[in-house]
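Participant: what follows is a predicted structure for the sequence shown.
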Amino acid sequence: MTDNLRDATIIARGGLYTNEDALTLAATQPGSAIRLTNFEISQFGGYRRINGFSAFDSSNPTVPGTGAVLGLWIHQDKVYAARRNAVDSTSATLPAGAVSVSSGSTTVTVVSTAHGLSTGQLISFVNVSTLGSLTFTGKEFPVATVSSANGFTFLSSSAAASTEVSSAANISYTVSKFYSIFEHTSTSGWTNISTASSIHTRSAVGVSRIRTTEHSFTGKEVVFGVDGVNKPFRQSTATIIEVFSNQGTSSTDTNSQLTNPFTTTSGSAVVTVVSTGHGLTVGDTARFSNIDVDLGNQTANSVDFTVATVTSANGFTFNLSAPSSAANQTAVGGSAVNFFYSYASDSDLSGVALVSDFRNHVFVAGNPDNPNNVIFSEPNTDLKFTTGGGGGVVNVGFPVTALAKFRDSLFVFGKNKIKRITGNNATDFVLSEVANNTGCIATDSVIEIGGDVLFLASDGIRPIQGTARIGDVELQTISKPIQQVLRRLPETFDLSLLNGVVIRNKSQFRYFFPTSTVAQADAQGIIGGLRFADNRVGWEFGELLGIRSFVATSGLINNVERVLHGDINGNVFEQEIGSDFAGEDILAVYATPFFYFDSTEKRKTFQKVSLFTRPEGSADFNMAVYFDWDDPAKLNPGSYSLSTQGALLRYFTTGGTYGSTFTFGGSSSPVLEKQLQGSGRAMGLVITSFGTQAPYSIQGWGLTWQPAGYR
């Protein structure tokens, strides 16, 4: 009887819940999801299937080099990326018998006269036939050991099936040692800007992520970058320099200029340097540029030298790589030799992996030799870190995993501790406790969004946000709804590869968990967004699938926000574009809780569902109905096909163009109605799509049902 029909209206909101019981969800969060893949908070209500991504530059999609994109940032309306060089040197042709393998072993031994390699450098072979069933062509291998100046080993992915020695006499290999930084322009694509004489070649061995911060306290916008292996670098437009502890000023980029400071002796590797009040000690690193002569027939420009002896307050020595083969040289080098250096003490900048700016200082941390130290520059400069000039070192008492500034504090994270630095300069910087039982377990999970700082702790995603109490901060976990997802992260993924990005105009962040062994379609992530509902602001979460990002960034280019990521193959993509993942289909899934309405025991006959959507173009998706909490003995009807015919063209928008995907007579929020079959004590909906259709929003639904008594 029609007068016995009941109806319910449910608004799609609440986000993904993975650790709440089915009864509570249906009663308190009926519009939430037990599965939510590739949906985001819609700015028009409900959940919206996310946009796709495509090549940032379709004509030049790939950054030159090999391997993954190591760094990606936006600076002064241009995009910059870093990638390992494909070839830095090529060996001489190897003779027959130079490569050998042993049955049952993964070790490959190579004989190569004066190879000059070091552990970790990557080699690729040419003209290697199958050796002991192993194939080397088209693969890259890190050097495992250096047995001598004329030999080294590397490891294959599997053991050799037999003992064999190479017979070919034309085997060669190339070596990848360094990485380069590229600037993108719309006319020429990617241009290498790190080959200037002002920057030393940067080692790629051990570099997995380049992190940057941008500041303007020196009077101009500059980028300050670190990579965990080399010295930091500073970028101003397309000019890049490496940063030493005692570099100089932003106007000269050098500590001082020396006049003809060098003296060499034929047959000796020792070089004597005259430098008034140099302040160096044995073990410090010195570098020179603008030298107008080879020293002992060897170049000394832009080469790091270790201080061997300190002869006086105004002089020191270093050693060339080989004895001088030139006649004695006295007081040579030119009238304007640039000179800068780094300390060998705990303020050494080499190898720092973390960076932030705070109170007109640059702060760096993560030096592997001094993991507890946070080093800061002199005020109003990012090129001098001397203690006498206002720079310094703070030992926080634990290995630092991340840095983040928030309001009047610089927060220093460990894996299970948090401290903060307050004050204005070295005279009043104060280190204080924040938390002793929580910290940051993934460096690049630290992001700023909505006026708060978020980070991934061992028990979920936590914010640093202000409270009503002066000087206090809130660290309460915001990710309880997806606790089950987050708990498996350390066991499933390498969190050192986690990277995140903020989409500011959507109040949204995305975490990506890339791996080199998983295809793009299976790459996972988490999406979080702020929703204003019921006069409050709350976080909602979902899962991402199909975006394999190794580095990501967002920022303004000509006042328009752009969201970018780089992949394992060196490609740079722009997110929030199109309706596919670089040509691949997008899978989207929204599964509701099971609705039992007024009783978990009374059977209901379900009559109709009215699905409220907001299409942005033609879209096809499926809706499946499931009964009684996925009882395997329950027979479920087949899925229902639904489609939208396009979005309504509104003439007050700027998006309507002749020939666009808008449909005349379309609706911006159509109601898709389907008559249902089946009955049960509870029912749930699963809405899925797979393809390249335009995004669409699920805003809610109405259900018509009829009580059918007890059984």
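Facilitator: Everything's here; your move. Numbering: from 1, shown residues only.
Participant: thought Leu703 was touching Leu5?
Facilitator: No. Look at Leu703 against Leu5 with C-beta atoms under 8 Å: they stay out of range, at 10.6 Å. C-betas here are computed from N, CA, C, even on glycine.
Participant: just confirm Gln483 is within a strand.
Facilitator: No. Per DSSP: H, G, I helix; E, B strand; the rest coil, Gln483 lies outside any strand segment and is helix.
Participant: returning to what we had before: settle it for me: which of Leu703 and Leu5 has more neighbours?
Facilitator: Applying other C-beta atoms under 10 Å to Leu703 and Leu5 shows that Leu703 carries more neighbours, namely 20 against 13.
Participant: please name the nearest non-neighbouring residue to that one.
Facilitator: Leaving out its chain neighbours, the residue that sits closest to Leu703 by C-beta to C-beta, 6 or more residues apart in numbering is Ala8, at 5.0 Å.
Participant: now do the contacts for the one you found.
Facilitator: For Ala8, the contact set (C-beta atoms under 8 Å, 6 or more residues apart in numbering) comprises 595, 597, 702-703, 705.
Participant: and what of Leu70?
Facilitator: Contacts for Leu70 (C-beta under 8 Å, 6+ apart) come out as 82-84, 179, 204, 207-210, 227, 551.
Participant: the same query, at a cut-off of 7 Å, please.
Facilitator: By C-beta atoms under 7 Å, 6 or more residues apart in numbering, the contact list for Leu70 reads 82-84, 179, 207, 209-210, 551.
Participant: please name the bridge partners of the closest residue to Thr119 other than its chain neighbours.
Facilitator: Among residues not flanking Thr119 along the chain, Val143 sits closest, at 5.5 Å (C-beta to C-beta, 6+ apart). With DSSP bridges as the criterion, Val143 is bridged to Phe154.
Participant: roughly how far apart are Val143 and Ser112?
Facilitator: Going from Val143 to Ser112 by C-beta to C-beta, to the nearest Å gives 11 Å.
Participant: what residues are shared contacts of those two?
Facilitator: Residues touching both Val143 and Ser112 (C-beta under 7 Å, 6+ apart): Phe152.
Participant: Ala588: neighbour count?
Facilitator: The local packing of Ala588 (other C-beta under 10 Å) involves 27 other residues.
Participant: output the helix or strand where it lies as CSV, nothing but the C-alphas.
Facilitator: For Ala588, the host element (DSSP states H and E) is strand 586-591. Extracted in CSV, the C-alpha atoms of strand 586-591 (Å, rounded to 0.1, in the frame of the first residue of the first chain):
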residue,chain,number,x,y,z
ILE,A,586,40.2,7.0,-13.5
LEU,A,587,38.6,4.6,-11.0
ALA,A,588,36.2,6.2,-8.5
VAL,A,589,34.4,4.3,-5.7
TYR,A,590,31.9,5.6,-3.2
ALA,A,591,30.4,3.0,-0.8
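Participant: report the rounded mean pLDDT for that strand.
Facilitator: In this model, strand 586-591 has a mean pLDDT of 97.
Participant: which residues sit against that strand?
Facilitator: 33-39, 47, 49, 52, 545-546, 580, 684, 686-690, 692, 698.
Participant: quick one on the thing from earlier: which helix or strand lies directly C-terminal to the helix or strand containing the residue nearest to Leu703?
Facilitator: Assigned by DSSP H and E, Ala8 falls within strand 6-11. Using DSSP H and E, the helix or strand that follows strand 6-11 in sequence is helix 22-28.
Participant: next up, the contacts around Ser147.
Facilitator: Listed by C-beta under 7 Å, 6+ apart, the contact set of Ser147 reads Thr153.
Participant: actually Glu140, sorry about that
Facilitator: Counting by C-beta under 7 Å, 6+ apart, Glu140 touches 122, 124.
Participant: tell me how far it lies from Leu497.
Facilitator: 18 Å.
Participant: and for Gly71?
Facilitator: From Gly71 over to Leu497 (counting by C-beta to C-beta), the distance is 14 Å.
Participant: who's more crowded, the two?
Facilitator: Gly71 (23 against 19).
Participant: next one, pLDDT for that one please.
Facilitator: For Gly71, the model assigns a pLDDT of 98.
Participant: that one pairs with what?
Facilitator: Ala82.
Participant: just checking: what are the partner strands of the helix or strand hosting Trp190?
Facilitator: Assessed by DSSP H and E, Trp190 sits inside strand 189-192. Strand pairing for strand 189-192, using DSSP bridges, gives strand 178-185 (antiparallel).
Participant: buried ones in the strand it pairs with?
Facilitator: Residues of strand 178-185 classed as buried: 178-184 (neighbour count, 16 or more other C-beta atoms under 10 Å).
Participant: try stretch 98-109
Facilitator: Residues 98-101, 106, 108-109 are the ones in stretch 98-109 that count as buried (16+ other C-beta under 10 Å).
Participant: just the CA coordinates of it, formatted as PDB?
Facilitator: Output in PDB follows, covering the C-alpha atoms of stretch 98-109 (Å, rounded to 0.1, in the frame of the first residue of the first chain):
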ATOM      1  CA  ALA A  98      86.700  -7.900 -18.000                       C
ATOM      2  CA  VAL A  99      83.300  -8.900 -16.700                       C
ATOM      3  CA  SER A 100      82.800 -12.100 -14.700                       C
ATOM      4  CA  VAL A 101      80.000 -13.900 -12.800                       C
ATOM      5  CA  SER A 102      80.000 -17.000 -10.500                       C
ATOM      6  CA  SER A 103      77.300 -19.600 -10.400                       C
ATOM      7  CA  GLY A 104      74.800 -19.000  -7.600                       C
ATOM      8  CA  SER A 105      76.100 -15.500  -6.900                       C
ATOM      9  CA  THR A 106      74.600 -12.000  -7.500                       C
ATOM     10  CA  THR A 107      78.000 -10.300  -7.500                       C
ATOM     11  CA  VAL A 108      79.300  -9.200 -10.800                       C
ATOM     12  CA  THR A 109      83.100  -8.400 -11.000                       C
END
